[in-house]
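Asks: Dropping the sequence and predicted coords here.
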Amino acid sequence: MPSTPTADAEHRAALAAGLDEPPSPRTAQLARFLAHACGEGTRALIHYGSHAQRSDARPESAHDFFIVVDRYRDAYRSLAERVGTSYRPGTAALLNRILPPNVIRLRVPGAAPPLEAKCAVYSARDFARACSSRARDHFALGRLCQHVQLVWTRDAESRSAAIDALTEARTRTFAWGRPYLPPRFDVRTYCRVLLETSFAAEIRPEGGERIDALLAAQQTTMDRVYAEVLGGLAEERILGREGNVYTDPHPPGTWSKFRAAMWFRRSKARATIRWIKYIALYEDWLEYILQKVARRSGVSVQLTDRERRWPLIFLWPKALRFLRSRPQRRS
């Protein structure tokens, strides 16, 4: 059956579910601050993570954003001039080009209670690539397949480009999730596989119980998005369908599964290397990591004065012990 303008609009609206959900007043305040701080080259702000999903976010914890900009150097120069940074704009821009995105921390001055953001910075070109079949790793794909809010755009062109990238990221989930699907699955099972696969692609402190919480918090959005994705695949006869249950008539073979495993290993390696950039770019990086570990794993890591003063030298034994015993590894 040929598509019609109405059908195409309905398909796009289903894939974009959740993007236009109104942000909270604090999120909106933070978005305005970030757009101003990054300058006129800011194109779009996408709110993701626990505050966007309303999944057990503490009021004082950082909000997560993707910031899409025209040019890295211009954005970091603006940040240095308007809010002040501990790193040089040229250094940050270079690191962002080599291994996008950079992840930086920004605080609204004088906000009470504290209002801060953890921001993943992409150029428009790098963001479009990270959401497409040309993605170099899973960083953006694993986050944008979940509930996110498009909270600010510079103009209509920027908004359209952001929605195009976001809907492509959601459509692409079948390509990377397919090797990990069971023989028969429904929409809920599909969503769980996406989250489990995404969590496995990074070193994270959380265990499997976090996935249950995320699925519950995002049920409405993810059900709508992936019912549309799977329904479309069934109409194209890529998937078989019996009521609400789907089957893959031609499941991936050994070689396809091997390639997928290698891609995710590469993605995890890039994610691990990206953590090293926190040391250069993320304000109070050590405190952030300790708080993240304590909040998500329930493990309180106590550091000695020597470990705090020279973490890159003396913290490795404790870090390696945690990595071997973290909840994600046990689940």
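Replies: Arrived safely.
Asks: Which helix or strand in this protein has the lowest average pLDDT?
Replies: Of all helical and strand segments in the chain, the minimum by mean pLDDT, DSSP states H and E falls on helix 327-330, at a mean of 48.
Asks: and residue 145, what are its phi and psi?
Replies: Torsion angles at residue 145 (phi, psi; degrees, to the nearest 10) stand at phi -70, psi -10.
Asks: pLDDT wise, what is it at?
Replies: On the pLDDT scale, residue 145 is placed at 96.
Asks: Then residue 20?
Replies: Among the per-residue scores, residue 20 holds a pLDDT of 95.
Asks: How about the secondary structure of it?
Replies: Following DSSP: H, G, I helix; E, B strand; the rest coil, residue 20 is assigned to coil.
Asks: ok, now residue 133?
Replies: coil.
Asks: got a list of what residue 45 touches?
Replies: Shown in contact with residue 45 (CB atoms under 8 Å, 6 or more residues apart in numbering): 31, 34-35, 65-68, 150-153. C-betas here are computed from N, CA, C, even on glycine.
Asks: ok, and the closest non-adjacent residue to residue 260?
Replies: Nearest non-adjacent residue to residue 260, counting by CB to CB, 6 or more residues apart in numbering: residue 179, 4.3 Å away.
Asks: Next, the distance between the ends of stretch 48-61.
Replies: Terminal residues of stretch 48-61 are spaced 13 Å apart (CA to CA, to the nearest Å).
Asks: likewise stretch 229-247?
Replies: One end of stretch 229-247 sits 14 Å from the other (CA to CA).
Asks: Let the chain start at 45 from now.
Replies: Got it, the first residue is 45 from now on, which makes the last one we talked about stretch 273-291.
Asks: What average pLDDT does that stretch get?
Replies: In this model, stretch 273-291 has a mean pLDDT of 97.
Asks: So for that stretch, what gets flagged as buried?
Replies: Within stretch 273-291, the residues that count as buried by 16 or more other CB atoms under 10 Å are 273-277, 283, 290.
Asks: Identify those among these that sit within strands.
Replies: residue 290 (DSSP state E).
Asks: Most widely separated two among the buried residues of stretch 273-291?
Replies: 276 and 290 (11.4 Å; CB to CB).
Asks: Could you check stretch 191-199 and say which residues are buried?
Replies: Result for stretch 191-199 [16+ other CB under 10 Å]: buried residues 191-198.
Asks: And the helix or strand encompassing residue 112, how far out from the chain middle?
Replies: Secondary structure from DSSP states H and E places residue 112 in strand 107-113. Per CA atoms, centre = their mean, to the nearest Å, the displacement of strand 107-113 from the mean C-alpha position of its chain is 10 Å.
Asks: one step back: tell me the one of the contacts of residue 89 nearest residue 266?
Replies: Nearest member of those to residue 266, counting by CB to CB, is residue 194, at 16.5 Å.
Asks: so who does the nearest residue in space to the closest one that is not next to it in sequence touch?
Replies: Distance criterion CB to CB, 6+ apart; nearest residue to residue 194, sequence neighbours excluded, is residue 63 at 4.3 Å. Contacts for residue 63 (CB under 8 Å, 6+ apart) come out as 192-194, 207, 210.
Asks: ditto for residue 224
Replies: 237, 240-241, 304.
Asks: And residue 188, by the same measure?
Replies: Each residue near residue 188 by CB under 8 Å, 6+ apart is listed here: 90, 92, 110, 175, 210, 213-214.
Asks: neighbours around the residue nearest to residue 304, how many?
Replies: Counted with other CB atoms under 10 Å, the neighbours of residue 223 add up to 19.
Asks: That one belongs to a helix?
Replies: Yes - judged by three-state DSSP, residue 223 forms part of a helix.
Asks: so residue 228 makes contact with residue 292?
Replies: No - look at residue 228 against residue 292 with CB atoms under 8 Å: they stay out of range, at 9.1 Å.
Asks: Who has more neighbours out of these two?
Replies: Legend: neighbour count by other CB under 10 Å for residue 228 and residue 292, higher for residue 292 (17 against 12).
Asks: Quick check: closest non-adjacent residue to the residue sitting nearest the centre point of the chain.
Replies: The residue lying closest to the centre of the chain (CA atoms, centre = their mean) is residue 187, at 2.8 Å. Spatially, and ignoring its direct neighbours in sequence, residue 187 is nearest to residue 92 (5.1 Å; CB to CB, 6+ apart).
Asks: Compute the number of surrounding residues for that neighbour.
Replies: Neighbour tally, residue 92, other CB under 10 Å: 19.
Asks: Please apply the same query to residue 305.
Replies: Neighbour count for residue 305, taken as other CB under 10 Å: 12.
Asks: So what does it look like in phi/psi?
Replies: Per degrees, to the nearest 10, the backbone of residue 305 is at phi -60, psi -40.
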